[in-house]
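Colleague: Quick one, fold the following:
(one chain, ligands or ions: 1)
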Amino acid sequence: MVHLLRRRTKGCRDPEDLQNDNHSQRDFHLSARFWSRTVLAGGVLAVFASCLPARAAQLTVVAVDGTLCDITRTLASSAAAVTCLIPPGGDPHGYRLKPSDRQALAKADLVLHNGFGLTPSASKITTSGKVVAVGNVALPRYKGNDPHIWHDPANSAAMVTVVANSMAPLLPQAERAALGARAAKAKAVFVALGGWAGAQFSGLPAAKRVLVTDHQTYSHLASRYGLKEISMLDSYTTGGVLRPSSFQTITAVVKASGAEVIFTSSLPANKTLRRISRSTGLPIAKTPLYGEGVASGQTAVSTATLNICTIVNGQGGRCDRGAAEKLAQRWSAIP
Ligand SMILES: [Zn+2]
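Modeller: Residues are numbered from 1 along each chain as shown. From the prediction side, this is the model:
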């Protein structure tokens, strides 16, 4: 029965919150409070009882973008009500705040966003709560211009620390130790993910550690694992406009790069990628890379392993999917 009813209680959320709930397919668990209510009242009535106004003091958190939604929900468990703004597959760069987002932001105790300008609309947030640009706090010395920092698992581990440290002072004392325990487990999974990723990439010959994409999204992953990232449109065009001369340069650079495949963020791939595929003779990967956050129905960890397997397999290597699955399970089992 626990498994049938598994669901994190976050108070009774409105339909928008439920729509934005990226976690519907995993790792819900029943808080002791909800469970005791259910047992005491029995049956369906108890489910409605759980939808009566939640604990007035429950911490409310909004996670804006990137993989923060999953990291925040995992760390919050039932200790906070978490609303996520950008759904899986959403584009953080072009995201515009909806009226319901503004409402959620206005009443939040804590607002977490990725930082480094991933979501420009995050600079327009109005809230009386605390706002944390998680990436900027996690990587204070980073001076580059790629906001997709979570693709390096070490950065994700650092983000876990920042999210936990941001949440802890706002929680009742009694909840903090459990938060710390979840954060420790979450960091351990990202450390293990980092080791697994290193093993996958080291199986590729050095000349094949190449990642050809349209826009720069994986520089953090690339620099951690010694990949050569060629983000064609960012490196060889101005504003993504493909002039004949840049088209020729891209074709030459990609052909000489050791790339086996051109990676895409969406399928079917856009016209420009198809054109470059024809000019270079390289196929477009059959699986997309999920660069902007968590893939639909996936977690922060399973999205990372999917991406890494896509890259390694695309470049002619072999990916240990069994070990990847175990990592994803460890993440989802964080209580
Ligand atoms: Zn992006």
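Colleague: Please enumerate residues in contact with stretch 154-165?
Modeller: Among residues not part of stretch 154-165, those counted as contacts by C-beta atoms under 8 Å, 6 or more residues apart in numbering are 67-68, 71-72, 75, 112, 132, 134-135, 137-139, 149-150, 179-180, 182-183, 186-187, 190-191, 193-194, 220, 224, 300, 304. Using the backbone N, CA and C atoms, a C-beta is placed for each residue, glycine as well.
Colleague: filter these to the buried ones?
Modeller: 67-68, 71-72, 75, 112, 132, 134-135, 137-139, 149-150, 179, 182-183, 186-187, 190, 193-194, 220, 224, 300, 304 (16 or more other C-beta atoms under 10 Å).
Colleague: In helices only, show me those residues.
Modeller: 68, 71-72, 75, 134-135, 137-138, 179, 182-183, 186-187, 190, 193-194, 220, 224, 300, 304 (DSSP state H).
Colleague: where exactly do the strands run in the stretch 101-250 of the chain?
Modeller: Using DSSP state E, counting those that start in this stretch, the strands of the stretch 101-250 of the chain run over 110-113, 130-133, 210-213, 228-231.
Colleague: can you tell which of those strands is closest to Ala122?
Modeller: Nearest to Ala122, of all the strands of the stretch 101-250 of the chain, is strand 110-113, at 4.1 Å by C-beta to C-beta.
Colleague: Pairing partners for the closest one, with directions?
Modeller: Here strand 110-113 has these sheet partners by DSSP bridges: strand 59-63 (parallel), strand 130-133 (parallel).
Colleague: got the ones you listed as TSV, with distance to Tyr95 columns?
Modeller: Shown next, in TSV, are these (distance: least, C-beta to C-beta, whole Å):
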stretch	distance to Tyr95
strand 59-63	13
strand 130-133	15
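Colleague: now those in a markdown table, with mean pLDDT and distance to Gly117?
Modeller: Shown next, in a markdown table, are the strands paired with strand 110-113 (pLDDT from 0 to 100; distance: least, C-beta to C-beta, whole Å):
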| stretch | mean pLDDT | distance to Gly117 |
| --- | --- | --- |
| strand 59-63 | 98 | 17 |
| strand 130-133 | 98 | 9 |
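Colleague: Out of these, which is the most enclosed?
Modeller: A comparison of the strands paired with strand 110-113 by mean neighbour count, using mean count of other C-beta atoms under 10 Å, puts strand 59-63 on top with a mean of 25.
Colleague: Can you give the contact residues for that strand?
Modeller: With C-beta under 8 Å, 6+ apart as the contact definition, strand 59-63 has outside contacts at 69, 71-73, 76, 79-85, 101, 104-105, 107-113, 127, 129, 167, 170-171.
Colleague: Now list the buried members of those residues.
Modeller: 69, 71-73, 76, 79-85, 101, 104-105, 108-113, 127, 129, 167, 170-171.
Colleague: can you pull the contacts of the closest residue to His148 other than its chain neighbours?
Modeller: Nearest residue to His148, sequence neighbours excluded (C-beta to C-beta, 6 or more residues apart in numbering): Thr217, at 4.9 Å. Neighbouring residues of Thr217 by C-beta under 8 Å, 6+ apart: 146, 148, 151, 231, 265, 289, 291-292.
Colleague: do the same with Pro153
Modeller: 190-191, 193-194, 197, 224, 304.
Colleague: how near is it to Leu221?
Modeller: Per C-beta to C-beta, to the nearest Å, Pro153 is found 9 Å from Leu221.
Colleague: which neighbours do those two share?
Modeller: Ala197.
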